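Q: Build me a model from this:
(2 chains)
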Amino acid sequence: MHMFKVGSAGVPFTRSFLTRITAKNNSLVRPRFYSTAPPPPVGSKTVPSTFQVFDREAKKVQKNRAASNVKLSRQVDYVKDEVAFRVVDRLLDIKREFNEVVELGSGSGHIAKHVDTDMMKKLIMCDMSEVMLSRDEEVEYEVPVERRVVDEENLPFPENSLECVISSLSMHWINDLPGAMIQIQRSLKPDGVFIAGLFGGDTLFELRTSLQLAELDREGGISPRISPMADSRDLGSLLSRAGFTLTTVDVDEVTVNYPSAIELMEDLRAMGESNAVINRRGLLKRDTMLAAAAIYKEMYGNPDGTIPATFQILYMIGWKPSPTQNKPLERGSAKHSLKERLEGNDLTTTTKSQ
Amino acid sequence: MSKPRRTVAAFSASIATCASTATAYGACISATMNDVHKGVCEKEFLAFKECVQASMKRKW
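A: A predicted model of the protein is given here:
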């Protein structure tokens, strides 16, 4: 799937140069090939270049900038609050009282608003943006919180140290999603649980199409305006690949109506969710913006003149394997025929034998 | 920080004022969905843009 080049930037090796390198560093000449690259070693700052889709530095700047306008930033909490509530709802299904729960990409504390002391004794909020993390520092939550500046791509937690990792609307900015999930799995204790909600591929499809059509008509080409996002079909295999068991994935949609595409883009910026794709164009021309707003309204607009924006949310739950967990029964050990049960022929006998 | 927000509001209001030209432009684009290229709806766009500029009392 991914191509690895020996000579980076296409510089051809001359023979003498090659021998010099061979003597120094054998791994440069004989690269290791993976179907996909391995996760970076714990604590290292490097992400394999094939996974570099997002500009994390730019994302940090955007989040800091967004959160520094406290009033506006609080005004646009609605999507993150709603999804955090739904993620907490999934945590609520787990009848277990956690001592500490780590939240990755907490923003200014959307999960913290919804959890209570029956679920956990303490919440550790982690985010890459210090300004966003401390925006609501003076707010009292039911559960005590600790705030930590953490890069979600390089987790600082030791192996087998956490009971529960939770994440809401943050993992869509992670470059190396498989690697990040492997790191999470490693840092969990056996029988620890990971619950996350992240944006799926159908998110903002209306805006994506409108901007593409507008750019085609006005400028004669398209550029990446909306991030590529995960697909629900991929998440199951990602979870299993990272070594989680008893995995669950489900999909949900939140639709928000806006007066026009202009307000939608403005709110996204205020959330700190502006475009951070690495090869993005920094500028959206006013003409293109006008055109996109008109196309959006014409193609997707509601009868009342507003426009809908779809946020597709993918939820996933995975457990770190442990010998204490329930295992599936052995093959062939069933006592009843599922076929008969489903056809309803065997109803009386099954109820009797129960 | 409130100034850019006001500009955005004015921009959006002007687009709403020019609903008829905006609809004409949008309809032109959806009609040519499969073959959109540069300037395919130039005439409709210019009418829309002029209307927005007149409404905002600004030119660009």
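
Q: can you tell me the residue of chain A closest to chain B?
A: A:Glu298 (2.4 Å; CB to the nearest CB). C-beta here means a position set from N, CA and C on the backbone, and glycine is covered the same way.

Q: pretty sure that residue is in contact with B:Met33, am I right?
A: No: judged on CB atoms under 8 Å, A:Glu298 makes no contact with B:Met33 at a distance of 11.2 Å.

Q: More neighbours: which of these two?
A: A:Glu298 (19 against 10; other CB atoms under 10 Å in any protein chain shown).

Q: quick one: the more buried one is in a helix?
A: Yes: according to DSSP: H, G, I helix; E, B strand; the rest coil, A:Glu298 belongs to a helix.

Q: for the closest residue to it other than its chain neighbours, what are its contacts?
A: Nearest residue to A:Glu298 in three dimensions, chain neighbours excluded: B:Gly26, at 2.4 Å (CB to CB, 6 or more residues apart in numbering or on different chains). Shown in contact with B:Gly26 (CB atoms under 8 Å, 6 or more residues apart in numbering or on different chains): A:294-295, A:297-299.

Q: and what of B:Arg58?
A: Counting by CB under 8 Å, 6+ apart, there are no residues that B:Arg58 touches.

Q: I'd like the distance between the residue in chain B that chain A sits nearest to and A:Gly301.
A: Per CB to the nearest CB, B:Gly26 is where chain B lies closest to chain A, at 2.4 Å. From B:Gly26 across to A:Gly301, the span is 9 Å (CB to CB, to the nearest Å).

Q: Please, which helix or strand holds the closest residue in space to A:Glu159 that isn't next to it in sequence?
A: Distances taken as CB to CB, 6+ apart place A:Arg186 nearest to A:Glu159, at 5.2 Å, with adjacent residues excluded. Element membership of A:Arg186 [criterion: DSSP states H and E] is helix A:177-187.

Q: Flag every buried residue along that helix.
A: Residues A:177-187 are the ones in helix A:177-187 that count as buried (16 or more other CB atoms under 10 Å in any protein chain shown).

Q: Close to chain B: what parts of chain A are there?
A: Counting by CB under 8 Å from any CB of the partner chain, the residues of chain A close to chain B are A:69, A:72, A:213-214, A:216-220, A:259-260, A:262-263, A:266, A:286-287, A:290-291, A:293-295, A:297-299, A:305.

Q: Which of the residues you listed fall within helices?
A: Here DSSP state H is the test, and the residues of chain A next to chain B give A:72, A:213-214, A:216-219, A:262-263, A:266, A:286-287, A:290-291, A:293-295, A:297-299 as lying in helices.

Q: Among those, name the buried ones.
A: By neighbour count, with 16+ other CB under 10 Å, these hold A:72, A:213-214, A:216-219, A:262-263, A:266, A:287, A:290-291, A:293-295, A:297-299 as buried.

Q: State the pLDDT value of the nearest residue to A:Ala291 once chain neighbours are set aside.
A: Leaving aside its chain neighbours, A:Ala291 sits nearest to A:Ala214 (3.7 Å; criterion: CB to CB, 6+ apart). With respect to pLDDT, A:Ala214 scores 96.

Q: Then A:Lys24?
A: 44.

Q: Helix or strand with the lowest mean pLDDT in chain B?
A: helix B:2-17 (a mean of 79; mean pLDDT, DSSP states H and E).

Q: Contacts only, for A:Pro303.
A: Taking CB under 8 Å, 6+ apart, one finds nothing in contact with A:Pro303.

Q: before we move on, the earlier item: dump the contacts of B:Gly26 into CSV; add distance to A:Glu253 and pLDDT as well.
A: Shown next, in CSV, are the contacts of B:Gly26 (distance: CB to CB, whole Å; pLDDT from 0 to 100):
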residue, distance to A:Glu253, pLDDT
A:Ala294, 25, 96
A:Ile295, 22, 96
A:Lys297, 21, 96
A:Glu298, 22, 95
A:Met299, 18, 95
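
Q: Check those against A:Leu246 and report the nearest one.
A: Lowest distance from A:Leu246 to the contacts of B:Gly26 (CB to CB) belongs to A:Met299, with 41.7 Å.

Q: Looks like that closest one contacts B:Ser30 (just checking).
A: Yes: taking CB under 8 Å as the definition, A:Met299 is a contact partner of B:Ser30 at 5.6 Å.

Q: and B:Val8, how many neighbours?
A: Look at B:Val8: counted by other CB under 10 Å, it has 16 neighbours.

Q: quick one: it and A:Ala261 touch, right?
A: No: in this structure B:Val8 lies outside contact range of A:Ala261 using CB under 8 Å: 11.3 Å.

Q: quick one: secondary structure of the residue nearest to A:Glu298?
A: State at B:Gly26, reduced to three classes by three-state DSSP: helix.

Q: And it, how close does it get to B:Thr32?
A: In this view, B:Gly26 and B:Thr32 are 11 Å apart by CB to CB.

Q: residue nearest the centroid of chain A?
A: Centroid-nearest residue in chain A: A:Met171, 2.3 Å away (criterion: CA atoms, centre = their mean).

Q: tell me the contacts of B:Lys59?
A: With contact set as CB under 8 Å, 6+ apart, B:Lys59 has these partners: B:Gln53.

Q: What does the pLDDT read for the residue nearest to A:Glu298?
A: pLDDT, read off for B:Gly26, is 95.

Q: Now name the helix or strand holding A:Asp191.
A: A:Asp191 belongs to strand A:188-199, assigned by DSSP H and E.

Q: elements contacting that strand?
A: On a contact count with 3 or more CB pairs under 8 Å, 6 or more residues apart in numbering or on different chains; DSSP states H and E, strand A:188-199 meets helix A:78-92, strand A:162-168, helix A:177-187, strand A:307-319.
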